[in-house]
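Visitor: pasting the sequence and the predicted model now:
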Amino acid sequence: MSALVSILRRDLLLAMRRKAEVLTALFFFVIVSSLFPLGIGPEPSLLRKIGPGVLWVGALLATMLGLQRMFATDHADGTLEQMVLSSAPLPLLVAGKIAAHWVVSGLPVVVLAPLLGLQFDLDAEALVVLTIGLLVGTPVLSLLGAIGAALTLGVRGGGALLSLLVLPLYIPTLIFGAGAVQAHLSGQGAGGHLSLLGALLAVSLFFAPWATTAALRISLE
């Protein structure tokens, strides 16, 4: 576990030195979420209906902005090869990098989402459901995105290919995350959708580091 913590600390320190890249994803999330109320108009019922989906799509796209850089920098300077050759288990090191990506890209989205949800006339309970859903769902986005980032490592035009690989995998998380808020607003309860999000997180936590490790070994060969 010390190797995981070391990789997590290292990637967070590197991210703090590249504040512009981190802030770009946050500004993108804020701008995308804010344009819809301005473009659609101030109709409260319509805003409540589209709000959860808009916020989740914005979070998904903001998370994707940093995926291509998850392994590319380490691959360029040779650090990734040293990680593969080190005595520490590579899945643990990969898990540390995924955790750092979520802290930089996913956690700020979770913090900002309730504030942006006020633009869509969501009540306090709906905002709580939205925040819980994002807190459970955004790690899934980072875990699944890491597999695509590893598969497209070093590939020319990897950004477009990464999007094509990852977006279909994100659809269940998007459906259950936005559906949790919609179910709450309709009075059906969000427990079922949040439980499915939790199941997706559990499966992703178990399989994604191993799948990412296998993809990295293939890309480095």
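Guide: Thanks, I have it.

Visitor: could you use CA atoms for every contact and neighbour count after this?
Guide: Fine.

Visitor: burial measure for residue 21, as a count.
Guide: Using other CA atoms under 10 Å, residue 21 has 15 neighbouring residues.

Visitor: any idea of the mean pLDDT for the helix or strand it falls within?
Guide: With elements taken from DSSP states H and E, the one containing residue 21 is helix 19-40. For helix 19-40, mean pLDDT is 85.

Visitor: and that helix, how far out from the chain's middle?
Guide: 15 Å (CA atoms, centre = their mean, to the nearest Å).

Visitor: what comes up buried for it?
Guide: 22, 25-26, 28-30, 32-34, 36-37 (16 or more other CA atoms under 10 Å).

Visitor: same check on stretch 186-201?
Guide: Along stretch 186-201, these residues count as buried under the neighbour rule (16+ other CA under 10 Å): 190, 193-194, 196-198, 200-201.

Visitor: so which of these belong to helices?
Guide: If you go by DSSP state H, those have 193-194, 196-198, 200-201 in helices.

Visitor: residue 139 contacts residue 202, doesn't it?
Guide: No: between residue 139 and residue 202 there is no contact under CA atoms under 8 Å: 10.2 Å.

Visitor: ok, residue 8 touching residue 92?
Guide: No: counting by CA under 8 Å, residue 8 does not reach residue 92; the two are 10.4 Å apart.

Visitor: on that earlier part again, compare residue 139 and residue 202 and say which is more crowded by neighbours.
Guide: Neighbours were tallied for residue 139 and for residue 202 using other CA under 10 Å; the higher tally belongs to residue 139 (24 against 13).

Visitor: and that one, which of the three is it?
Guide: Classification of residue 139 using DSSP: H, G, I helix; E, B strand; the rest coil returns helix.

Visitor: just the pLDDT for it.
Guide: 94.

Visitor: with residue 181 instead?
Guide: The score at residue 181 is 91. That number is its pLDDT.

Visitor: same thing with residue 185?
Guide: In this model, residue 185 carries a pLDDT of 85.

Visitor: now it: closest residue in space, sequence neighbours ignored.
Guide: Using CA to CA, 6 or more residues apart in numbering and skipping the chain neighbours, the partner closest in space to residue 185 is residue 126 (6.9 Å).

Visitor: could you point out which element follows whatever helix or strand the one you found lives in?
Guide: Per DSSP H and E, residue 126 falls inside helix 124-151. Under the assignment DSSP H and E, the closest C-terminal helix or strand after helix 124-151 is helix 158-185.

Visitor: packing partners of that next one?
Guide: Helix 158-185 sits against helix 44-65, helix 124-151, helix 191-220, with contacts defined as 3 or more CA pairs under 8 Å, 6 or more residues apart in numbering; DSSP states H and E.
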